[in-house]
Every structure is written in C-alpha cells, then in structure tokens.
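# sharing a model prediction with you, sequence too.
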Amino acid sequence: MHRGQGVKKRTTPEKTETLESCNEELRTEIQQLFNKVRSYNPPAGGEWTLPDPNEVLCDPHVSHPHLESLKHSLNEVKNQLSDKDLSIWHKHTSFTNRAGTVTAHLRSTTNAELCTQAWAKFYEILGTFQLLPDSALTSGELNSIHLCEAPGAFIAALNHFLKTNVLHCDWNWVANTLNPYYEANGRSSTISDDRLIVHTLPWWFFGSDNTGDIMLQKHLLELPRFVSNMRSVDLVTADGSFDCQGDPGEQERLVAPLQYCEAICALLLLGAGGSFVLKMFTLFEHSSVCLLYLLACCFRSVKVFKPGTSKSGNSELYIVCLDYQAKEQIRPLLSKLIRSYGPDMTFTTSLFPHRCIPDTFLRQHEEICTFFHASQVNTIQENLKLFECMNSRQRQRLERLRELAGEFYTKRFRVQYLHRKSWVCRGGVARWAKVCERKQMGSFIKRKEMALQGWKQRLAQGHYALIEKHSTGTEGCDDVLYGPLDECNLEAWYALVGAALPKVCSSTFCDQEMLDFLNEALQDNLRAKHVQDLPTCSFCNINSSVSVLSEICSHPDVTSCVVLANQSWCDAKLAGKIQPEFLPGPSFCEVWNSVLHDGQEDYQLELLTTVLHALEKQRHGTTLVIPLCSSLTRLTSGLVFTLHLCFRYITFRCLSAGPPAVLVCIGFSPPVAYHRLLDILRDVVEKMQEVKLELGRQVLQFVPLEELLQGDLPCFLFSFNSAVIRQQLHLLMQLD
C-alpha cells in the first residue's frame, strides 16, 4: 500500500458498533469482501514465454471443458433472474450489497470528485496494489493514459489519491472514450455523462475522425503521437465495455475484441516498469485465456481482483498488471497484432493456439475462474433467497454490514478529505452536461418481448403521453434566448473535420430516447416507402407558415423582416403590418424524412451559406426568420450560437404540418467583431466546400464546444429539438 496518513474519524452518538467492536463473524465477512484477489505465478525455476509471432492468429478458437461447465452453470443461475423486473431487482441487490453505502459515505466525509462506484473501485485498486511505479514517483513525473474512461472517475480517483497521499509529482494524463459529442455514436456504446469531460476537453483523445473509437487501427497509431510529450507512460487503465443487456450470457465473448484492443494499446504505450489495469467479465473463453497468458508473459505480476465495491453478483473483474518487463521482446509480436488490430479481432481466430498455452498456466487459470465463479454464484443465490423472503434479523445484519463496510473502506484505503480547489475540475464556468439516458426497466423477458414490438406500441407503453397530445400552436412561445451575447473568443473558432455522419444517433441537445424513437419511426417509414410528405393531423391547432409569419410581422418588436425561404414557402398575403423580404433558403424536401436530420452535409452547407448571405445584408433592428429542420448537430448548433451573438433575442415556432420549424431572430445588433465573425463564416463555408470532395469526411463543428455548452443556449436548443421531435413523432403516428 502507498504511503499516506489517515484522518481521524469522527465518532457520532448514533453509531453503536464500530469495526473494532463488532463480532468476529461480521469483521471476517467485511475483510473477505475486500480481499478477493488471485495471482498467476510461473512455476519455480521456469518462465512462461510468448509463442513465435508466426503462430499467432492462425488457429480457430477451442473450448476448455472445465471453463465451459463453469460458464454453463453460471448462466443457469443467471437465467433465474430473467423474470425479475430490473428496477425492483436493482433496488434489492443495492440493499444486499455489503459495500452499497461506500460511495455515499465517501461523498459525505471526503468530498471526493465524481464519486461514483467506478471511483471507489479504482481508489480501492490504488490502495491495494503498488500501481504507481517507484521510478515515476522518484523522478517527480507521473504519466497516465485512461482508455474507455468516460465519465472520468478513474482520473478523479487518481487525482484524489495523489493529492491526499502527498505524492509530489508532475502528473500528466490523457484519456480516451467514444466521443459523446460525435452524433453518430449511439447511446448503447457511449457514456453520456460528460461532467468531467466538458471541463477537460483538451486532455481527451478522440482521434483524427473525432469518433473516439479506440478499436480503429489509425487511432492506435495516432495515440502515441498525441502523448509524445510524455517522458514515459507509467500507467494505463482500460475500463471499457458494451451494453450487453440483450445477450448477457455472452458478455465475455462480445466484449473480447475491445479488451484485446485495449491490451495491445497498453503494451504499445507503456514504458518499462509500467502498470496496466484492465476490466474483464468472467474468464471462461479461450480468448480470455490467451489474453491473460499474453499479459502474464509481459508483466512481472498479474493479478485478478474483484474490488469489494464491485457488486459481488456481477461478472466484473479487474486484471492488475505490475512492472511491464517485455517492452523489447514483444516488439515482433506486437507488430503482427497491430496489423490485425480492429473490431473484428479474435472473432474468427484465436490469439494463440491451444498448444502454446502451458498446462501450468491453464491449471492456475481454471482455479482462479472456479474461485470467482463460486463467489458470484453464491451471491446471486443468496440474493434470490432474500428476494423471496427477508426477515428483520437478516435485514438488520445487512444494515450493520453496510455501515461497517463504509468505515472499513475509509480506514483501510486511508481516504482523506480533499478540498474542491484540488479537484481536476476546480469550478469555473458552469456548463451544460449531457442529459443521462434512462436505465432499462422491466424484466429481461419483458424487454425481449418489447424488442419485438413496433415503435408505436413501445412508445404507448412508455412515459410519452406528450407525443399523443395535439399541437396547441403555442410551442416555443415561452422559449426565448436573450442576446446579443457579449463575450466570445472568436480566435478559438475553427472548422473541425472528422468522419462523415452516416446517421444522427445522438445529440447533446435533445432527449436521447425521443431521438431513438424518431429514428426508428423514420426508418420504418422509409422501409414502407411512404410518400415523402408528412401526414397532417386534423386535431392539431393549425399553425401554418402563413399564420406564423403573420404573427411575426404583426409583432411590435419587428420593423423589418427577412425570411430565408423561397416565396412559395409562404405564398399568401400576410395579415401583418409589414411584408417580409424572401431570400432563397435550403431545401427541406428530403431532410425531414432522413435519420441524418440537420447532419446532412448538403443541407448544412446550403443553410450556412444562406445565413452568411443574409447576415452580410442585415440592417440594424431587422428580424431574421429561418426555417430549420432541427439543431441536433454541433455544426447547426454553432450556427444558432452565431445568431445568438447578433440578435437581441431568439425564439421559435413549430408548424402543425411538421418540420421545418421556424427560428425567429429579432433585433439585429451586430457585435463589435462583426466583420471578423463574417470572415470566419466565409472560411467555414470554404472549408465545407473543400471537404465535400473528400470521401467520408465532413465539417462537424466550428464553434468550440466550450462555447456551445455554456449559458442559456443548450437549454434553448434542447427545448427547440424536443418540440420538433415531438411534433414529428406525433405526425408519424398518424401513418398506418
């Protein structure tokens, strides 16, 4: 354990029992909870050696009878949970979890930043193993890389450990994750919680295509250049996983390619003597046997650890690898592994042939799997028994254990108070954080049944009564974005180019589940080859382009009006006091029916070009009306931000016939740096025209995220997109 001084724990009158005074049985159970660790040890007088690179990735996968039987028996026990409602079962297992109060205890006593279960697990690993190399601490420079790190709890935990244990060193870190802001990354694979990311964006590696996908070979090769300023990499952590709730019995097999990529990345990056922490899920497959043998040959010490703060009933394990010793020896093998690197790695062939895995390693591996299998099965079976019936004595015993676990954790791992000024995010400007997705509910059987239903049936069973409500014609009336915005660093604006969007699967500025439903509805509509026009709803209050423009042109704040649309969009005499001027705008004939939404490259270019042309001609006080299909992407949101700089206030109106909605920008008031702003927009348009010639590339953003995610803009965009999506879904429900 690392050096450090514990803090004296305050005693409270309510506590009737401490860890020291409790009975031996309770104390032993708590100690065992935090001592689930097994090691791989080469035989005395011998070493495990890596196979010849020519034998790698050649043979098919094999099964190991004993490991197969363990997997089968574990899945049989797990199958007993299939009829349990997920929310009820989760509440039950949260109570039976002996370490269930540790994070709450830490939040109240230590002021830990981003104090989640992941924080507690990694701090436990730091407190249990000599993870930080002595060479790094003595040199005064510690360099760490954190793969699949969102939301950033490992970073926050390491910062807390370093600061409170007074380990004086210059700590540099870099993190990677699937980019939560790249709109084609779906929520099944992306962590949406960006509380730490949004404040530390320069430290996050998303690769040249901005996706953040560490399973792409080009990103593997780009990452060493990204961290080239580091003297040597001392620590790599990899906490990646996928959403496997659709097939939980095959979690290990499904996640194996990601774990291979994480391990290869670590072996490429780490300096001699470095440490590696890898999350895995059960170790029954031949792919896991091979990966662990690879690690056992490369590190002086490899241990399998189940943190006490990891729920005992799940399959999660952490592989802790200490003292990287094979940096030079592994180069030929690493070269071959890099050539085969990618998301399909290990699905077709095994890393090593079965004959290359020594019996001494296999026997240890089977013993380790048997140990953790028994622990998990015992927990699930106990939870099932307690779920059926839990008496008051059992409940009181669990409550005592949970209370003692928090005290034990704090003392054993010497967790001390850390002032906010020492956090990774020390405060500063409060920024919008992505709205976290809803957790899956219902039993596994129920969820499988629902997956077979259409989107309308599932929507009807959810919490979206709003979708069925008819338009009142007042949507947007209460949503106002006041401006013009004073402060903005235009020098930080630039056109960010990345992988072209095949589909807008996610957005920082909308309800993710609503967007999922809309995309599914649009895909169904396309498959059914419905007509291109949205149906109308006879029960909705008619809010046509004519009525909206009439309202705008009658408003006392509007003295002149420019509409970015063809005259045919509103080909009727308006009731207002003024008549608007029309400038040709982007076409919407295909945008509304596309899962690309406002991410369609041609539409974006046309929209930005039209707005730029309009801004060049604007007169002081003019109102600008922009039909807008949505603002889900960073690029379109950046355009709204640009308008926020130039107008007294912005609001919107939805049309009963569906998109486009109408963005209403009232009171043109150019900023001081107006001409510089126009120059930037011209540069962005030029860049978009250039990139359009590059296959698979697109301008994704031109206003920095730090600007887009602060102030009132995100909330306004969320309201705008919610109104657009709701109305579009409402109209799509009218289709047979």
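In hand now; what should we look at? Residues are numbered from 1 along each chain as shown.

# what are the ranges of the helices in the stretch 501-650 of the chain?
If DSSP state H, counting those that start in this stretch is used as the criterion, the helices of the stretch 501-650 of the chain fall at 512-527, 545-554, 601-617, 634-646.

# for the closest residue to residue 650 other than its chain neighbours, what are its contacts?
Distance criterion CB to CB, 6 or more residues apart in numbering; nearest residue to residue 650, sequence neighbours excluded, is residue 481 at 4.3 Å. (Each C-beta comes from the backbone N, C-alpha and C, glycine too.) Contacts for residue 481 were tallied using CB atoms under 8 Å, 6 or more residues apart in numbering; they are 644, 649-651, 712-713, 716.

# same list, those, but as TSV with distance to residue 410 please.
Formatted as TSV, the contacts of residue 481 follow (distance: CB to CB, whole Å):
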residue	distance to residue 410
644	47
649	51
650	50
651	51
712	41
713	41
716	43
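
# pick out the most distant pair among those.
Pairwise distances across the contacts of residue 481 (CB to CB) peak at 13.3 Å, for the pair 651 and 713.

# all strands in the stretch 201-350 of the chain, in order from the N-terminus.
204-205, 233-238, 270-281, 299-306, 316-324 (DSSP state E, counting those that start in this stretch).

# outline the domain layout of this structure.
24-40+67-248+259-413, 453-732 (automatic domain parsing).

# mean pLDDT lowest for which of the ones you listed?
By mean pLDDT, the lowest-scoring of the domains of the chain turns out to be domain 453-732, with a mean of 88.

# measure residue 509 to residue 335 for me?
Going from residue 509 to residue 335 by CB to CB, to the nearest Å gives 44 Å.

# that should have said residue 486, apologies.
Distance from residue 486 to residue 335, by CB to CB: 55 Å.

# tally of neighbours for residue 536?
13 (other CB atoms under 10 Å).

# may I have stretch 36-46 as PDB, with CA atoms only?
Taking C-alpha atoms only, stretch 36-46 is exported to PDB below (Å, rounded to 0.1, in the frame of the first residue of the first chain):
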ATOM      1  CA  LYS A  36     -10.900 -11.200  -3.400                       C
ATOM      2  CA  VAL A  37      -7.700 -11.500  -5.400                       C
ATOM      3  CA  ARG A  38      -5.800 -14.300  -7.100                       C
ATOM      4  CA  SER A  39      -2.400 -14.300  -8.900                       C
ATOM      5  CA  TYR A  40      -0.800 -16.000 -11.800                       C
ATOM      6  CA  ASN A  41       2.600 -17.400 -10.800                       C
ATOM      7  CA  PRO A  42       5.100 -19.000 -13.200                       C
ATOM      8  CA  PRO A  43       6.400 -22.400 -11.900                       C
ATOM      9  CA  ALA A  44       9.600 -22.300  -9.700                       C
ATOM     10  CA  GLY A  45      12.700 -22.300 -11.900                       C
ATOM     11  CA  GLY A  46      10.700 -21.700 -15.100                       C
END
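
# buried residues, it. List them.
36-38, 40, 42 (16 or more other CB atoms under 10 Å).

# now for the closest residue in space to residue 566 that isn't next to it in sequence: which residues touch it?
The shortest distance from residue 566 to any non-neighbouring residue, by CB to CB, 6+ apart, is to residue 584 (5.5 Å). Contact analysis of residue 584 by CB under 8 Å, 6+ apart lists 564-566, 610.

# related to what we said a few turns ago, could the buried residues of stretch 36-46 be laid out in TSV, adding distance to residue 68 and secondary structure?
TSV is the format used below for the buried residues of stretch 36-46 (distance: CB to CB, whole Å; DSSP: H, G, I helix; E, B strand; the rest coil):
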residue	distance to residue 68	secondary structure
36	23	strand
37	25	strand
38	20	strand
40	21	strand
42	26	coil
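
# can I get those in TSV with distance to residue 200?
Shown next, in TSV, are those (distance: CB to CB, whole Å):
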residue	distance to residue 200
36	33
37	32
38	35
40	35
42	40
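
# and these, which is closest to residue 302?
residue 40 (4.7 Å).

# surely the closest one is in contact with residue 364?
Yes: if you go by CB atoms under 8 Å, residue 40 and residue 364 touch, sitting 5.6 Å apart.

# quick one: the closest residue to residue 340 other than its chain neighbours from residue 654, how far?
Once flanking residues are discounted, residue 340 sits nearest to residue 57: 5.5 Å by CB to CB, 6+ apart. To residue 654, residue 57 is 55 Å away according to CB to CB.

# ok, those two, which is more surrounded?
Comparing residue 57 with residue 654 by other CB under 10 Å, the one with more neighbours is residue 654, at 24 against 18.

# spatially nearest residue to the residue nearest in space to the middle of the chain (excluding sequence neighbours)?
Nearest residue to the geometric centre of the chain (CA atoms, centre = their mean): residue 191, 1.6 Å. Excluding the flanking residues, the one nearest residue 191 by CB to CB, 6+ apart is residue 150, at 3.7 Å.

# ok so the one you found is a helix residue?
No: when DSSP: H, G, I helix; E, B strand; the rest coil is applied, residue 150 is found to be coil, with no helix at that position.

# ok, residue 490 - contacts?
673, 676-677, 680.

# got TSV for the residues you listed, with secondary structure, distance to residue 61 and neighbour count too?
As requested, the contacts of residue 490 are exported to TSV (DSSP: H, G, I helix; E, B strand; the rest coil; distance: CB to CB, whole Å; neighbours: other CB atoms under 10 Å):
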residue	secondary structure	distance to residue 61	neighbour count
673	coil	61	14
676	helix	60	13
677	helix	58	20
680	helix	54	20
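
# got those residues as TSV, with distance to residue 456 columns?
Formatted as TSV, those follow (distance: CB to CB, whole Å):
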residue	distance to residue 456
673	49
676	50
677	45
680	44
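
# out of these, who's nearest residue 208?
Using CB to CB, these come closest to residue 208 at residue 680, 22.6 Å.

# touching, the closest one and residue 491? I think so.
No: look at residue 680 against residue 491 with CB under 8 Å: they stay out of range, at 9.5 Å.

# which SS class is residue 145?
With three-state DSSP as the criterion, residue 145 reads strand.

# that one and residue 322: what is the separation?
16 Å.

# those two - which one has more neighbours?
Set residue 145 next to residue 322 and count neighbours by other CB under 10 Å: residue 145 wins out with 28 against 19.

# which residues sit in contact with that one?
Each residue near residue 145 by CB under 8 Å, 6+ apart is listed here: 173-176, 223, 227, 233, 235-237, 269.

# any residues in contact with both of residue 680 and residue 491?
Joint contacts of residue 680 and residue 491 (CB under 8 Å, 6+ apart) do not exist.

# neighbour count for residue 509 and residue 335, which is higher?
residue 509 (27 against 10).

# state whether the more buried one and residue 722 are indeed in contact, as I suppose.
No: counting by CB under 8 Å, residue 509 stays clear of residue 722, with 9.2 Å between them.

# return the residues in contact with the residue nearest to residue 340.
Residue 57 neighbours (CB under 8 Å, 6+ apart): 336-337, 340, 349-351.
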